[in-house]
Every structure is written in structure tokens, then in C-alpha cells.
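Novice: Structure, please.
(chains A and B)
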Number of protein chains: 2
Amino acid sequence: MTIVAPTPLRPMPALPGAYEQLELRHARLSRFDHLGAMLDWDRLVNLPVGAGASRAAALAELESLIHGLRSDPALGDLMDRAEQELLDPAQQANLREMRRQWCLGQALPADLIEARAHATVACELAWRQRRSADGGRGDWTGYLPLWQEVVRLARIEAAYLSDALGLRPYDALMQRFEPGMTTAELERLFSNLRGWLPGLLRAARQRQAGWPIDPDEPADVDREAQLRLHRDVMAWLGFDFERGRLDESAHPCTAGVPDDVRLTTRLSPGRVIDNLLATIHETGHALYEQHLPVRWRSQPVGRARSMAIHESQSLLFEMQLTRHPAVIAELSKRLTTHLGAHPAWGPEALQRRLLRLSAGLIRTEADEISYPAHVMLRYEIERDLIEGRIEPRDVPALWDEKVVAYLDADPRTQPGSGPMQDVHWSEGLFGYFPCYAVGAVAAAQWMAAMRCQLPLDDALAAGDLSPLRGWLDRSIWSQASQIGTVELIQQASGAELDARHYKMHLERRYL
Amino acid sequence: MTIVAPTPLRPMPALPGAYEQLELRHARLSRFDHLGAMLDWDRLVNLPVGAGASRAAALAELESLIHGLRSDPALGDLMDRAEQELLDPAQQANLREMRRQWCLGQALPADLIEARAHATVACELAWRQRRSADGGRGDWTGYLPLWQEVVRLARIEAAYLSDALGLRPYDALMQRFEPGMTTAELERLFSNLRGWLPGLLRAARQRQAGWPIDPDEPADVDREAQLRLHRDVMAWLGFDFERGRLDESAHPCTAGVPDDVRLTTRLSPGRVIDNLLATIHETGHALYEQHLPVRWRSQPVGRARSMAIHESQSLLFEMQLTRHPAVIAELSKRLTTHLGAHPAWGPEALQRRLLRLSAGLIRTEADEISYPAHVMLRYEIERDLIEGRIEPRDVPALWDEKVVAYLDADPRTQPGSGPMQDVHWSEGLFGYFPCYAVGAVAAAQWMAAMRCQLPLDDALAAGDLSPLRGWLDRSIWSQASQIGTVELIQQASGAELDARHYKMHLERRYL
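Specialist: The predicted model follows:
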């Protein structure tokens, strides 16, 4: 018998400088973030109903650990010392992002992080079980107590962040998703949109008045065939299946990490086209993640810039691209290949279906013109909720009121259209919704910039997405968090964010 | 605007005693174990091929953290102090299990844990991609370099454990799965089996000489229908779907945690019955996990006793129960309900199919009488491999040689029957295989004990599994790790482990 002598597996490293130490600490942190991201995906896709409590305990433990590493006071000293070191611009940007993360982390006590994990896991599970009750209106009464706890903790979080950042509570929460965004700036954007969107919507609806009604979609499309269709479209858009997958969940999302992007979608019966749109939306997010720079994968500067920029990618694919005539023709072909010919996805019917201004009450299925209204109503409710002007129990009545005001529709006519339609509030993601509106506006600006710089429509007509992907990669994806949102928009499009491009796009497409 | 004042979320706890501190530390550890278990499941079921490196880095980070907590020198002092405290028998048992875990952990350096995680993740991915190459013989050449690294690290691990435990290297590795098991004891068991199994196999084969050949199974059974069948059979056996799920993976396994048992199976085309047997095997494991005592869920004493006891559960369900005439009749009914009538699962055909001594070369599909031979050949190879008498490159030739000697069959006749058929070696689980043989022997002993104590066959004839589950719960599942394997066997069956029950069972069923 030969006993193999134990030998050391690697040499001792030399003592690194402060910046280098920070990179090493953040690389470690990113590995724990990786674990958390995969477990979040698993929770949304796979978690059995009886496993909520033990999963919440495990996630809370991980989040506490991550929070401890991220807000470690020793990082403050290291960052001060690193600022004295000779750093290249990318390293300086990384240091700036490290400090931003650290400030957000330092503001929150560990027991809040733990309590938040328990509350959001329980609330999301309740949401998943109860949202389809009562003919699609959801079991609000059973859900409310769990959501009240999520809101209670979000208010505490907002108060801590408000104190640390010197911002009003709701603005402070928004910093988690869109650094630099404020309510004041949002109000400017929304009041601009309110000035012309309703008129444009009315005019566009009039033009569609004579359109024939859409053919019913088939009710019994094979699930596996639908998944093949989605995977085929994703691959065509550029999704790399060697570093990601597609699964089903209650709310479509893009989870995971850049090397393993976990895209989820819905496969609701009788809604083939809506399901496909959800996948295309998420593919926009996924491409951004998959194209983040490999060199900076484990560092704060290597992350996606912000959630508004992220939503500008998803909405560019879902709204701008999917409604483009050349892309509609391509989708019509692929629908037919995978699911057989059907009147609902003949080229003309599909074009009408995708451009139709539908007065639907579900945000993820909204048309391009009504979309911002869905966002505004959520924004107003969550802002007032976080700042204590309304209570969780007030939300359903307020929701219905705002649906009438903003969408000019009866909130009781469409199942699944109430405040339980989105997962965000159950997860405590208050301050996220505005990113969708900013993203929609930015997406139009990207398309306008591309059209100035590239023969975009010729390429699309030839079914070639590579010029589009190349531009996005150069201008946005590969930039990661090297620069701020404002500079990124300026650099990519040559101007600051301007809703004019969105307006021009809608007028051109719908009037 | 109301700012909610930050308030502390929970009071300071009182300073706990040494034992209590140990329980708290192990509860924390169990939450990290929970994360690791779920990510292992995800890796086996979902991991895209390009995500191996970043997942390995993340898992290595987690395993290092867990290893640090588990082998923390401070635990030694706490355990010494706890031994002076007034503890009840369950707490004493918990302390004993804590010490066992700590000794295994302390023996290994952190960099080995990290290197092992990297090597096994890469090797399992290569295994999954390459095992079906070359018409099912596997791409051994492409796989070998990755496996050599796994073997190299396993030998180092064995050397460290050997040193710490004063056991020979292979015996030391076995302690991870079956505390107290030694090569000497295994040799006694195997030499007993070698004494009568070949003769019994010959005689039983002679009795089956005139049996008609099995009807071919249908080639194109719907995947979803098969999953419904599996879930139905699992539920009938007692699986709780509120605390677990069924998915597909390259190698069937039971992963996850007791509150969220992740069972995986194969859905190979044209192998409906083999696929179902794999699920039934795993359900035996799953029931053990789901019935571990809730009170001790986060503590070492609350874990399943050992992997031999675990395999006694899976093999009791797969071998003992599934070949019982009453259960065959029930399975025939359920197959027909879910997949439609077919000659392959008519009651008589199914009975012959399940009892047929098949000379198959795949362990997970082996018949009851040849099963130990599959285990012995693996055991001999891995023992010699760990102790340096053979090298990884020697394995395929040795494998073929032993298949001829032990299974009296030509190893080249059956695709997928080579050394790449099991996942264990890719995962570095050397020392695990013997648990299957001990488990098969123990399963027969459980059945014999039940038959003494209960009207088992009457209950089974009535389709009632509750007396069987009740006995297993009382005698094995609820015991967790309160007592050692030897005592557990004695307490449950009134005698020490004895291959006589296995022999009598096989004679009764096959002669």
C-alpha cells in the first residue's frame, strides 16, 4: 500500500496593495453573490410550498454573511488607502462602485437584512399560491398580513437609507436600482409624458378603429413545442445556451449570473404570443448580462450599470424590435415552423396583434403607448406607501381608482389584472418600477442613435441582428459600470435622456 | 412625509452554555449546508456546460466557509466543556456526532477542500457531456485527465484522514459515508456472499430458462405522461410533494434537504420500467429524509444514520417491495392508467420482467441477485485505486476483466455499461459503493423483522403501505443518528447484520 504524502497545494501569495486587497475581497463577495443569485432563481422556479421557512432561514444566513462582507468597516480604510494608489481609470471606476455599494450596505443593520429575507421569501410564496385565487383577482386577504411585514421592513430600510444618503425615503430606496435617480427627475419625465401620451393614444386608437378583431389563439398548444419555439427565438436574438437556460416561473424574470443566466418565462395556456413576448423581453436582459466584460466579472464595476439601463435593453427587444415589420415577419415564420400554421400568427394578423392598442390591464402584456401609464400608477402607489401616506390595506381600492384614471378601463373586467399581477412588491423591490419607464424612453433613444450610425433597417430586413448587437455591445453592454447612467446615455447617443425620441418613435409607428 | 424610526428588531439573547453554543453554531452550519445541498442539486440538474468554472469557484468558496466552521478549533474547547454539562441522551448523542464531524473536518486542510470542489465540478460536467459518446461507451480519453485530478485529490484526502483516524486510506474514506465500516468487515460480508450467490444465481436462472421473452416497451412514451406516472407512484409510496420535487438528471439521485427533497430520475426513451425503478429507488431515500425528526433538523444527530442505512431504504423500496406480487399488480395498474394498456406492463409480463435475472451490465438496472456483484467489482477497483495499486488509466481494462469474472458477461455488448455508467467516481465519492451491498443485506433483514412483527403481506395485498412506513419510521427514520449503525440494526431487527435474511429472501423469491 502506497500512502501519498500530503503536500501543500499552492504557494503563499505575496502581500497585496490596498486596491488589490479590495479586488480580492470583492471577488470573494461575488462568489457568495453567485450562490445567492442561483438560489433566488431556484426559489422562484422550484421551491415547494412547504420549504419556505427553511429556505428563508438559509437565505437569511447567506444574506447576513454577504451584508457583513459588503459593509465591513475595514473596507473603508482600504478604500481610503487605495485612493492614494496609482490606479488606471477602470480601477478608479471600480473603486467608486465599491464605495457606492459599501455606503448602501453600511447604512443597514444586519438584523434588518435577516428579517427582510424571511419576510420576502414567505411573501413571494404566498403571492405565488394566492395570486390566482378568486377567478384571477387573487386572495388579497390571505396575502395582506405577509405583505404588511414586507412593507414594514421596507419602510425601516428606507428610513435608514434616507438618513445615510440624505435623500427622501423613496428616493433612497431607488438608489438600490438606479444610482442618482430622484423623484424630482421622475416627476419631470412623467409630466412630459402626461403632456402628450393621452392625446397620442387617442389618435392612434382612432386609426385602429376599423381593424378586424384578432383571431383566437389555439387553446391547447403543446408545452414542449412552445419551449422549443422560445429557445429558437432566444438563440436567434443571440442568447448563449452554453451559459444559460430557459425555465418556467410564475413571473418572467432574468436571474442567475453572467456565466449562467437563468431566464424564466410563462407558458400560460391560450397565450402563445404574450408568452413569447415575455421571453423576448427577458432575452434583452439576458444579452446584457451575458455580454458584461469577462475581465471585470467579479468586481462591482463589471456589473450592469443600473436597472433603468437594464430595462432599456429588455424593452428595446420587446417593444422596439418585436414590433418592427421585419422582426414580425421573422417571428411569424418561426411560430409557424414550431407550432404549425395558424391564423393568429399569419404575418398580417401578427402585425396587427402586436401593434394593437389593447386597453389591457396587465403591465407585462401592455402595448407600447400605454406602458408608461402602468408604470406611473405603480410608482405613485409605492412612493406613497413607503413614505407612509397610505397603508398596504388601501392599495386595492387605490389601484382600481388609478386604473380608471390612467388606463381608462374597468379594473374588474380582466382577471389577474389587480395589484397582485407583479412579483416586485412581494419581493420588497420598492423603487424598481420607475426603471421601466426610464428604460422605455432610453430604448427609443438607442434606436434613434443606431439609425443615425448604422443601416439598421436594412440589416433587420435581411434578418441580420449582428449590427444591432454590435452597437449595444460597444455602447452599453461592454461598458458595464465604468461610467454613470447620465454619461452612458450621453456617450452612447450623443445627448442626454430625452423623451422626444420616444414620442417620435410612437408617432412614426402608430400615427 | 412620515419617516418610520429605525427600531431594533429583536432583543439581545442571554449568554448560552457550551452545549447550547454548539447547537447554535451547528444550526448556522446547517443553513450553509442547505445552500450547498440545493446548489449541488442545481449543478446535477441544470448547470449549462459553460458555467462550470464560475460555479466551481462559488461552490469552493462555500465549501471553504463550511469547512472552516465545521473544523473550527474553538469547537474542540466547547465540546470539552459541554461534556461536563448535564445533557439528556439525545444531546449526548448530538455531541458525539458533532465530535465525529469535527474530527473528519479537522483532518483536512482548507486548500484541499477548495481544490476538490473545483476538480469534482469540472469532472462531473465532463462526465455528463462525454459519457454517451462512442455509441454509449463514453469518451474515456477526454474524460481521463479531469478524473485523474479527482483521484489525485482523493488520495491526498485519504492520506490525511488515514493519518487522523489511524485507519488504512480506503477505510478512512469510507468513514465519510458509513462510520465504523472497515475493509475487514466488508471482506467478511463479501466472502459470505461469494460463497452462495453464484450457485443461487445459476439455479434461479435455470428456473427461468423457459420464460417467454419480454415484450418490447413502446419507444415513444410521452415525457409528461411518464412524469405524471412517476409522481403518482411517488405519492402512493408516501413522498410529500409539499416538501420536495421530481426532476430529470443524467444520474438519478436524491439531493436537497429534508424540508425540500430534490429527487431526480432518468426518462430514457424506450425504458419506461427502468426509469420507474430508478424513481422508486430514490423515493426510498427521499422518505428517509422527509421523516427525519423535525426537532433535530439543524443538528448532526438529526441526520440520516449513514449511507448504508440510506441504501437499505432505497433498496427496500426498489428490490424488496417493487418485486412483491401485490406491488407489481399495483404498478401494472398505474402504468396502464397513465400510459395506456401495453403488453410490457400487463401484470404477468411485468412480474416476469421485474424478476428476470437479466445479465445486464448496468448497476442501477441490475436484478436482485446480481446486484452485489456490481458493487464488489466497483469496490475492488476503487479500493486499489485509492491505495495506489492501480492508476486511473488502468480502470477500463480492469473493469472489463471483472465484468467477465463477476457477471459472466461480455462488457462490450451493452452500451453505457462501462466505468462511466455511475456518477460517483466523477464526484470523488470513493468509499460509497460498499454501502449499496450492506444496504441490500440490511433491507432483507428489515423485511424479515417486519414480517415477524406485522401482518405485512396482508397489508401489501390490500395496497396499504402504512404499516410498512410506520415500522420504518419508528425503527429507522425517526432514529436519525441517535445511535450507531450496529445498535440501530440490533434495535430494529433484534439481531446483528446477517446475510442469512438476504439469502432466504432470494431463495424464497427465486427458487
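
Novice: Going by C-alpha atoms from here, please, whenever you check contacts or count neighbours.
Specialist: Noted.

Novice: Nearest to chain B: which residue in the stretch 401-511 of chain A?
Specialist: A:Phe430 (15.7 Å; Cα to the nearest Cα).

Novice: so which strand or helix has the nearest residue to that residue once chain neighbours are set aside?
Specialist: Using Cα to Cα, 6 or more residues apart in numbering or on different chains and skipping residues adjacent in sequence, the residue nearest A:Phe430 is A:Glu382, 6.4 Å away. Assigned by DSSP states H and E, A:Glu382 belongs to helix A:371-386.

Novice: what does the stretch 351-500 of chain A have sitting close to chain B?
Specialist: Counting by Cα under 8 Å from any Cα of the partner chain, the positions of the stretch 351-500 of chain A adjacent to chain B are A:387-389.

Novice: no no, the stretch 201-350 of chain A
Specialist: Counting by Cα under 8 Å from any Cα, the residues of the stretch 201-350 of chain A near chain B are A:241-245, A:259-260.

Novice: Going through those residues, which ones are buried?
Specialist: A:241, A:243-245, A:259-260 (16 or more other Cα atoms under 10 Å in any protein chain shown).

Novice: Out of those residues, the closest to B:Ala443 would be?
Specialist: Nearest to B:Ala443 among these is A:Arg245, at 40.1 Å by Cα to Cα.

Novice: Which residue is the nearest non-sequential neighbour of that closest one?
Specialist: A:Arg262 (5.3 Å).

Novice: So the one you found, which state does it fall into?
Specialist: strand (DSSP: H, G, I helix; E, B strand; the rest coil).

Novice: burial measure for it, as a count.
Specialist: The local packing of A:Arg262 (other Cα atoms under 10 Å in any protein chain shown) involves 27 other residues.

Novice: filter the residues of the stretch 351-500 of chain A next to chain B to the buried ones?
Specialist: A:387-388.

Novice: Let me have the residues of the stretch 351-500 of chain A next to chain B in JSON lines, adding pLDDT as columns.
Specialist: Putting these into JSON lines (pLDDT from 0 to 100) gives the following:
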{"residue": "A:Glu387", "pLDDT": "96"}
{"residue": "A:Gly388", "pLDDT": "97"}
{"residue": "A:Arg389", "pLDDT": "98"}
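
Novice: Serialize the residues of the stretch 351-500 of chain A next to chain B to JSON lines and add fields for distance to A:His34.
Specialist: Listed next are those as JSON lines, based on distance: Cα to Cα, whole Å:
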{"residue": "A:Glu387", "distance to A:His34": "32"}
{"residue": "A:Gly388", "distance to A:His34": "34"}
{"residue": "A:Arg389", "distance to A:His34": "37"}
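
Novice: A:Ala480 against A:Pro300, yeah?
Specialist: No - counting by Cα atoms under 8 Å, A:Ala480 does not reach A:Pro300; the two are 9.2 Å apart.

Novice: quick revisit: contacts for the helix holding A:Glu382, please.
Specialist: Applying Cα atoms under 8 Å, 6 or more residues apart in numbering or on different chains, the contact partners of helix A:371-386 are A:151, A:154-155, A:158, A:169-170, A:190, A:363, A:390-392, A:395, A:398-399, A:402-403, A:406-407, A:430-431, A:433-434, A:436-437, A:440.

Novice: Just after it, pick out the following helix or strand.
Specialist: helix A:395-402.

Novice: Report the angle between the helix or strand that that next one is followed by and helix A:371-386.
Specialist: Next helix or strand after helix A:395-402 toward the C-terminus (DSSP H and E): helix A:434-453. Computed with axes from the mean of the first three to the mean of the last three Cα atoms, to 10 degrees, the direction of helix A:434-453 lies at 150 degrees from that of helix A:371-386.

Novice: Show me which residues of stretch A:255-269 are buried.
Specialist: A:255-267.

Novice: Same check on stretch A:358-366?
Specialist: A:360-364, A:366.

Novice: which one of those is nearest B:Tyr510?
Specialist: Of those, the one sitting nearest to B:Tyr510 (Cα to Cα) turns out to be A:Thr364, at 61.8 Å.

Novice: hang on, that closest one packs against A:Leu276?
Specialist: No - in this structure A:Thr364 lies outside contact range of A:Leu276 using Cα under 8 Å: 11.4 Å.

Novice: residue contacts, A:Arg116?
Specialist: A:60, A:150, A:153-154.

Novice: got those as a markdown table, with pLDDT, neighbour count and secondary structure columns?
Specialist: As requested, these are arranged in a markdown table below (pLDDT from 0 to 100; neighbours: other Cα atoms under 10 Å in any protein chain shown; DSSP: H, G, I helix; E, B strand; the rest coil):
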| residue | pLDDT | neighbour count | secondary structure |
| --- | --- | --- | --- |
| A:Ala60 | 95 | 24 | helix |
| A:Val150 | 98 | 27 | helix |
| A:Leu153 | 98 | 23 | helix |
| A:Ala154 | 98 | 23 | helix |
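
Novice: Tell me which of the buried ones among the residues of the stretch 201-350 of chain A next to chain B fall in strands.
Specialist: The strands, defined by DSSP state E, take in A:244-245, A:260 from these.

Novice: For the stretch 51-200 of chain A, what lies in contact range of chain B?
Specialist: Checking the stretch 51-200 of chain A against chain B by Cα under 8 Å from any Cα, the hits are A:51, A:54-55, A:57-59, A:61-62, A:111-112, A:115, A:155-156, A:159-160, A:169.

Novice: so which pair among these is furthest apart in space?
Specialist: A:Ala51 and A:Pro169 (33.3 Å).

Novice: Please say which of those two ends up with more neighbours.
Specialist: More crowded of A:Ala51 and A:Pro169, by other Cα under 10 Å: A:Pro169, with 27 against 20.

Novice: I'd say the more buried one and A:Ile156 touch.
Specialist: No - at 9.3 Å, A:Pro169 does not count as touching A:Ile156 under the criterion of Cα under 8 Å.

Novice: What is the neighbour count of the nearest residue to A:Val423 once chain neighbours are set aside?
Specialist: Using Cα to Cα, 6+ apart and skipping the chain neighbours, the partner closest in space to A:Val423 is A:His251 (6.5 Å). By other Cα under 10 Å, 17 other residues sit near A:His251.
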